[in-house]
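> model the structure of this input:
(2 chains)
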Amino acid sequence: MNLQNITADKLVGLYKNRDLTATEVITSLYEDIERTDKDVHAFLSICRERALEEARRLDARIASGEPLEPLAGVPVAIKDNMTIRDMTTTCGSRILENYVPPYTATAVERLRSAGAIVVGKTNCDEFAMGSSTENSGFFVTRNPHNLDRVPGGSSGGSAASVASGTSVIALGSDTGGSVRTPASFCGVVGIKPTYGRVSRYGLVAFASSLDQIGPIAKSVRECAQALEVISGFDHFDSTSADISVPEFVKDLDRPIKGIRIGVPKEYFVAGLDAEVRAKTEAGMRIYEDLGCTLHEISLPHTEYAIATYYLIATAEASSNLARYDGVRYGLRVDNSSLQDMYRRTRHSGFGQEVKRRILLGTYALSAGYYDAYYLKALKVRTLILRDFQKAFEQVDIILTPTSPTVAFKIGEKTGDPLSMYLSDIFTITQPLAGIPAISVPCGKNSENLPIGLQLMGNHFEEALLLSVAHHFEKA
Amino acid sequence: MKISEADVEYVAKLAVLEVADDEKKELAEQLSRIVEYVDKLNELDVSRIEPTPQVVTSVKHAVRDDRVAPRTGSSEAAGTVKLFKVPKVITER
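Now for the predicted structure:
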């Protein structure tokens, strides 16, 4: 049995009809992991015994005719920057190599309450800092569509696992595209919800004003199912939004005729791959056929987004990562004095990209540069937010490519950090503005590599966003 | 703006990060390129614009009542970790 062609609904249906047991599914899944993951390297750790135990318990409940939860027995993978009690949480960093948290992230807790079975923790760029999963402190994850290519990042392990059928749904986190880029590169669906929609409790902080957890799956429907489960107020996260969660799944088939779709001209410029552009334009025509109207719009501050993002995200990161000093978590490089211990622990525990970002963020916050860099970036963020507010007065949804290119080659951009940053151009503005965005597959290029179409909605408009994406997927 | 090796050293000190001598040159070059790129923001006049440190979504954010509430893991954390040992902090002059 291969999970690559099976949806969460189908799986739960098979359990209900007693055509399959959860034990069979989980057992065969770990065989798949053994077979494929030595090439793909999606998982940092697996939890076979625990998953099998949960499967056996579920099978017993099915046998006694108990009602099943919506995601009962659905195998899920969790990006390794979300805590699960008693399971190592490394964030892809050597500094947290042996960190075992005493609590579980709210989003994971909610998935489990809905019946899902966690099968393992997935690889990511160290502390989610990267666009290719090459910055993991442990190993590089490869794209299941072509093992010489990156899976995208930073949630590359989660997307690669879903694409290779070693999980049905995976959680990623998105700070500047980290759910959507890997979804796009691996040919699956990934959604970054509105800031505040999903609790960040238990998500290891990278840039607190941008980070959001989002699901990755093969279909929009499964993303909607997972998002419905993990969304909602949580008093353990002070930025969690106290707003009701619509029934995303029920809403998927709502008519979309007459929906106004904006196409920002700033996204169709030099640097956009010709085949990606062609598939995106084909996507626009599909929406016209579905009765939506297309409108050219302008998001004039798009060209300032990467500079703004890399100042804000690194400034927040330099502060968030100050806690890894060798005292309370994981690694400690002992030395004679406290200061030396701090410095040496951080030196051997953090990788190059993390160090670079801590230095850049510290620089942007330091006396004499705070106004020129950090404060200025916060002001430009206001302009970017206003661009979207204006756009959503004219249109309901905004359509762009997810990434300017398909998955690039492993090693292609690692020597030049700036060129890696520039590849994030289309997925940076949404976290800055806090709006939701989804990436859906829209075909493949001539080398058979997947291309993603990105749709964005206004704050808390995930129901509309998911439904518009769902209609595209069906068309 | 150019970042010198001395700048890297200074910022590394602020960030309590050891940077090896052979890393300084490369970091200075890489950070210079990035800082030159972000200098792009100087094209904009933002003197009358308010900063957005956090996107406010007109939703009441969580302000918890000051009550003791159970929290997963807190008792275990307190149970397993009695103290954190660090190198000697106070030294004789």
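> helices of chain B, start to end?
Along chain B, the segments classed as helices by DSSP state H run B:5-14, B:21-38, B:74-80.
> reformat those as JSON lines; add mean pLDDT and distance to chain A.
Using the backbone N, CA and C atoms, a C-beta is placed for each residue, glycine as well. Below are the helices of chain B laid out as JSON lines (pLDDT from 0 to 100; distance: least, C-beta to the nearest C-beta, whole Å):
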{"stretch": "helix B:5-14", "mean pLDDT": "96", "distance to chain A": "5"}
{"stretch": "helix B:21-38", "mean pLDDT": "93", "distance to chain A": "4"}
{"stretch": "helix B:74-80", "mean pLDDT": "61", "distance to chain A": "4"}
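> how long is stretch A:406-418 end to end?
18 Å (C-alpha to C-alpha, to the nearest Å).
> pick out the residue closest to the middle of chain B.
With distances taken as C-alpha atoms, centre = their mean, the residue of chain B nearest its centroid is B:Ala15 (7.7 Å).
> which residues of chain A score low on pLDDT?
A:1 (pLDDT under 70).
> strands of that one, start to end?
Using DSSP state E, the strands of chain A run over residues A:43-46, A:75-79, A:117-122, A:169-174, A:189-192, A:212-217, A:260-264, A:293-297, A:397-401, A:437-444, A:450-457.
> ok, which of those strands comes nearest A:Asn335?
Comparison of the strands of chain A against A:Asn335 by C-beta to C-beta identifies strand A:43-46 as nearest, at 28.5 Å.
> sorry, back to before: and the closest residue to the residue nearest to the centre of chain B other than its chain neighbours, how far from B:Asp22?
Nearest non-adjacent residue to B:Ala15, counting by C-beta to C-beta, 6 or more residues apart in numbering or on different chains: A:Thr362, 4.3 Å away. The gap separating A:Thr362 from B:Asp22 is 21 Å, by C-beta to C-beta, to the nearest Å.
> equivalent analysis for B:Pro51, please.
In terms of C-beta to C-beta, B:Pro51 sits 38 Å off from B:Asp22.
> now do A:Ser319
Applying C-beta to C-beta, the value for A:Ser319 to B:Asp22 is 28 Å.
> and those two? Which one has more around it.
A:Ser319 (16 against 7; other C-beta atoms under 10 Å in any protein chain shown).
> show me what contacts that one?
A:361, A:365 (C-beta atoms under 8 Å, 6 or more residues apart in numbering or on different chains).
> over to the one 3 residues further on?
For A:Ala322, the contacting residues are B:15-16, taking C-beta under 8 Å, 6+ apart as the criterion.
> hmm, the residue nearest to the centre of chain B is touching A:Leu360, no?
No: under the criterion of C-beta atoms under 8 Å, B:Ala15 makes no contact with A:Leu360, lying 9.9 Å away.
> give me the common contacts of the two.
A:Ser318.
> the residue nearest to the spatial centre of chain A and chain B: what is the separation?
By C-alpha atoms, centre = their mean, chain A has its centre lying nearest to A:Val179, at 2.2 Å. A:Val179 sits 18 Å away from chain B, taking C-beta to the nearest C-beta, to the nearest Å as the criterion.
> residues in the stretch 101-250 of chain A within reach of chain B, list them.
Proximity of the stretch 101-250 of chain A to chain B, by C-beta under 8 Å from any C-beta of the partner chain, involves residues A:101-104, A:109, A:194-196, A:209, A:233-243.
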